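Asker: below are the sequence and a predicted model; questions follow.
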Amino acid sequence: MNLPAVRVLADASGVAEVAADQIIEVATAAVAARGVFHLCTTGGSTPAALYRALREPSRSARLPWGETQIWFGDDRFVPRADPLSNVAPLDAQLLSAGTDGALSPLASSAVHPWPTTAADAPTAVSAYLEELRGAGVPHTPNGFPIFDLVLIGIGGDGHCLSVFPGSPLALESAPVAAGVPAPTHIEPHVPRLSFSLGVLASARAVIALAPGAGKADALARIFASSTEVTDAPAKGALLPTATWLLDTASAANLPE
């Protein structure tokens, strides 16, 4: 099995800074090769520090904002303005004025949230997949969008995206995306919209962000050879195209 690259940083701040630098590197290469950078980002608490790092002047000047299009791997089925929305951290950090008063370098039209105002999950999923095709995102023969980079966070139960342990979205036969019932074992208890794990294998690059001691047990399960993907779905990101960014606390239970 071809394993991903694994980097262990000192702390969560180091993870965010290295991730930001890698995003700039991937974005620059994508724009040079294809004229556009399609980033599929994540939600929850993970990306806020990363977005702040991208807005730092030294990094912001190197990111091709004008050629960047941002999508989401999953979202809670709540309005965009809801604090539980995966778009909220991005709106706060990337679309607002910076701490220095500088205007956002990113056009609001370049951010593509899941249509959580749709009547139901099937309608929302269908609309999002149609938007991806309309935006010119390339697709695999089996219908998965080919993002230049997919960012994922890792849950304490070993999930990524909104693919939880036991989810049918962890199976090879899963659809490209689907609605996800509200989980009962982990907060927040709200329904979701999510790509299945196939979006990871289809991506040109993947970055998994997993800082913090609360992720240590989950990472030990994910990296254990005996663990099935259905039991720890983030195992689906153990790909040769992936880089896992950990810190010393989250890597504590991994072998050298």
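Answerer: Yes, it's here. Numbers count the residues shown, from 1 in each chain.
Asker: who's in contact with stretch 75-87?
Answerer: 42-44, 72, 74, 88, 91, 111, 113-114, 116-117, 121, 124, 179, 188, 190-194 (Cβ atoms under 8 Å, 6 or more residues apart in numbering). All C-beta spots, glycine's among them, are computed from the backbone N, C-alpha and C.
Asker: with stretch 112-131 instead?
Answerer: For stretch 112-131, using Cβ under 8 Å, 6+ apart, the contacting residues are 69-72, 74-80, 85-87, 132, 135, 143, 145, 176-180, 191, 193.
Asker: pLDDT on it, on average?
Answerer: For stretch 112-131, mean pLDDT rounds to 97.
Asker: for it, measure first residue to last.
Answerer: End-to-end distance of stretch 112-131 (Cα to Cα, to the nearest Å): 9 Å.
Asker: drop anything exposed from the contacts of stretch 112-131.
Answerer: 69-72, 74-78, 80, 85-87, 132, 145, 176-180, 191, 193 (16 or more other Cβ atoms under 10 Å).
Asker: looking at those, which are in strands?
Answerer: 69-72, 74-76, 177-180, 193 (DSSP state E).
Asker: what residues does the longest helix seen in the chain touch?
Answerer: Counting by DSSP state H, the longest helix found in the chain is helix 12-34. Here helix 12-34 makes contact (Cβ under 8 Å, 6+ apart) with 7, 9, 36-39, 49-50, 52-54, 56, 59, 62-64, 67-68, 148-149, 151, 204-205, 207, 209, 211-212, 243, 245-247.
Asker: all helices of the stretch 151-256 of the chain, in order?
Answerer: For the stretch 151-256 of the chain, helices defined by DSSP state H, counting those that start in this stretch occupy the ranges 198-202, 216-223.
Asker: pLDDT averaged over the longest one - what is it?
Answerer: In this model, helix 216-223 has an average pLDDT of 97.
Asker: try the shortest one
Answerer: This predicted structure assigns helix 198-202 an average pLDDT of 98.
Asker: state the phi and psi torsions of the closest residue to residue 199 other than its chain neighbours.
Answerer: Among residues not flanking residue 199 along the chain, residue 144 sits closest, at 5.6 Å (Cβ to Cβ, 6 or more residues apart in numbering). Backbone torsions of residue 144, given as degrees, to the nearest 10, read phi -90, psi 140.
Asker: pretty sure residue 144 sits against residue 177.
Answerer: No - assessed by Cβ atoms under 8 Å, residue 144 is found out of contact with residue 177, at 9.2 Å.
Asker: shared neighbours, those two?
Answerer: Contacts common to residue 144 and residue 177, judged by Cβ under 8 Å, 6+ apart, are 195, 199.
Asker: with adjacent residues omitted, what lies nearest to residue 174?
Answerer: residue 196 (3.8 Å).
Asker: measure that neighbour to residue 254 for me?
Answerer: Distance, residue 196 to residue 254, by Cβ to Cβ, to the nearest Å: 26 Å.
Asker: show me which of the two is the more surrounded one.
Answerer: Between residue 196 and residue 254, counted using other Cβ atoms under 10 Å, the more crowded position is residue 196 (24 against 16).
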